[in-house]
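> Coordinates only, no sequence provided:
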């Protein structure tokens, strides 16, 4: 399809139609004086026919089929009623055929109407030529002698001119429609690209918000849980065991400093480009999480299985954060007598992190939802899998497996 005509284009068509009607009136008067017909149509009929053959062009863009049929009918009427006008009516018929080809979106309908008009005009031409050829008084200025007489040559010229006339109107209409359609497609594609750009920008903002939320959750939740546990322990033993309370407060102080340092690192990372990765924390520092868990009162074991191999930085940071979140959940949800076990397994083409809590009370799931969501997002970034759920013998299991062959952009 092609876009509808603008107000300016419709006003221009109205001016063209009015100008052609005025030109046709002047032209018929000149032809009348020149004596083109022996018995020309009377003035009222002439003006009516000229109005039909020119004024419908005011609708040639908004209603091209109606305009084309009316102009063709008016053109036919100029010959039938001997309206003395042979110039402007040819221009208006050309414009009408061109407009049908240029403005009708249903191409099959445009082709059918144009073909009908052309066939009628060609048949009318051949009938007129046949009548002229069989009328001894018609075209008496041309010799009829010989197989290729001047009369035959004149008739062939008329046929050739009409074929070129209709072919040109058809071709130019097709080219105009194709050009307008191509422009419309380009504009639509431009709008689609602009919409896509806006959607991409919105998605980028959303991804940044998710990234910030995940980093804040991972950086703060772990340390705050340690602070909370140590603060509770200090309050409990403050009166009867000042030394234990002092040790707990010392742990709180250290954890608070670590929290501030980690938040500083996280903010610095977020200020860098999209490829920046917080490489300060990775699998090589999981043992620090184990030590912090021990200090928080949760007996925690740590074991590395297999020969360590290089792990991509993104995957290493993500596994560190998953271990951090899992140990935080152990302290928060596994009960006061729980123990934890952290294992890092290196395979030929993968690395696996497993965090379980043993003893204590079993939990059906990790409440809250944001921790698990963050773990799943981190595993998905590296194209890995995550297994989270209660164990049959009690406790809870978190197992993240990440392939080492590739990383999937998240």
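All right, it came through fine. Here the structure is a predicted model, which is why all the values come from computation and not from measurement.
> Near residue 353, how many other residues are there?
As a burial measure, residue 353 scores 25 neighbours (other Cβ atoms under 10 Å). (C-beta placed from N, C-alpha, C; glycine too.)
> That one is in contact with residue 400, isn't it?
Yes - taking contacts as Cβ atoms under 8 Å, residue 353 lies within contact range of residue 400: 4.7 Å.
> where do the contact lists of these two overlap?
Listed as contacting both residue 353 and residue 400 by Cβ atoms under 8 Å, 6 or more residues apart in numbering are 319, 322.
> Distance check, the residue nearest to residue 74 when sequence neighbours are not counted against residue 70.
Excluding the flanking residues, the one nearest residue 74 by Cβ to Cβ, 6 or more residues apart in numbering is residue 53, at 3.1 Å. According to Cβ to Cβ, to the nearest Å, residue 53 and residue 70 sit 8 Å apart.
> So for these two, which residue has more residues nearby?
Just comparing residue 53 and residue 70: by other Cβ under 10 Å the higher neighbour count belongs to residue 53, 30 against 20.
> which stretch of helix or strand covers the more buried one?
Using DSSP states H and E, residue 53 falls within helix 43-54.
> What is that helix packed up against?
helix 7-34, helix 64-80, helix 88-103 (3 or more Cβ pairs under 8 Å, 6 or more residues apart in numbering; DSSP states H and E).
> Which residues in the last one does the neighbour count mark as buried?
The one in question is helix 88-103. Burial within helix 88-103, assessed by neighbour count using 16 or more other Cβ atoms under 10 Å, is assigned to 88-89, 91-103.
> Domain-wise, how is the chain divided?
The chain breaks down into these domains under automatic domain parsing: 7-195, 282-410.
> For residue 259, find the nearest of these.
Proximity to residue 259, assessed across the domains of the chain by Cβ to Cβ, is greatest for domain 282-410 (11.4 Å).
> so residue 399 sits in a strand?
Yes - judged by DSSP: H, G, I helix; E, B strand; the rest coil, residue 399 forms part of a strand.
> partner residues bridging it?
residue 354, residue 387 (DSSP bridges).
> gap between it and residue 385?
Residue 399 is 8 Å from residue 385, by Cβ to Cβ.
> Tell me which of the two has more neighbours.
Using other Cβ under 10 Å as the criterion, residue 399 and residue 385 rank with residue 399 on top: 18 against 14.
> Wait, that one touches residue 345, no?
No - between residue 399 and residue 345 there is no contact under Cβ under 8 Å: 9.5 Å.
> Spit out the contact partners of residue 235.
By Cβ under 8 Å, 6+ apart, residue 235 lies in contact with residue 245.
> how about it, phi and psi?
phi -60, psi -40 (degrees, to the nearest 10).
> Please report the distance of it from residue 298.
Here the criterion is Cβ to Cβ. By it, residue 235 lies 19 Å from residue 298.
> cool, residue 91 as well?
Residue 91 is 95 Å from residue 298, where distance means Cβ to Cβ.
> Grab the nearest non-local neighbour of residue 210.
Closest residue to residue 210 apart from its sequence neighbours, by Cβ to Cβ, 6+ apart: residue 377 at 7.2 Å.
> Can you give me every residue that contacts residue 252?
Residue 252 sits next to 226-227, 230-231, 234 when contact means Cβ under 8 Å, 6+ apart.
> least confident pick among those residues?
pLDDT across these is lowest for residue 226, at 70.
> which stretch of helix or strand covers it?
Here residue 226 is assigned to helix 150-237, by DSSP H and E.
> Distance from the chain centre to that helix, please.
Distance of helix 150-237 from its chain centroid, counting by Cα atoms, centre = their mean, to the nearest Å, is 3 Å.
> What's the first helix or strand after that helix?
The helix or strand immediately downstream of helix 150-237 is helix 242-271, counting by DSSP H and E.
> can I assume residue 82 sits in a strand?
No - applying three-state DSSP, one finds residue 82 to be coil, outside a strand.
> give me the number of residues near it?
Counted with other Cβ under 10 Å, residue 82 comes out at 15.
> For it, give me its contacts.
By Cβ under 8 Å, 6+ apart, residue 82 lies in contact with 37, 39-41.
> Let's see that with 10 Å instead.
36-41, 45-46 (Cβ atoms under 10 Å, 6 or more residues apart in numbering).
> Skipping its backbone neighbours, what lies nearest it in space?
residue 37 (4.5 Å).
> tell me the SS of that neighbour?
coil.
> Quickly note the distance from residue 336 to residue 168.
The value you get for residue 336 to residue 168, if Cβ to Cβ is used, is 95 Å.
> between the two, which one's more packed in?
Under the criterion of other Cβ under 10 Å, the comparison of residue 336 against residue 168 puts residue 168 first, with 13 against 10.
> Hmm, residue 97 and the more buried one touching each other?
Yes - using Cβ atoms under 10 Å, residue 168 is in contact with residue 97, at 9.2 Å.
> Next, show the common contact partners of these two.
Common neighbours of residue 168 and residue 97 (Cβ under 10 Å, 6+ apart) do not exist.
> what mean pLDDT does the helix or strand containing residue 345 have?
Using DSSP H and E, residue 345 sits in strand 338-346. The pLDDT scores in strand 338-346 average 91.
> That's all I had, so thanks and see you.
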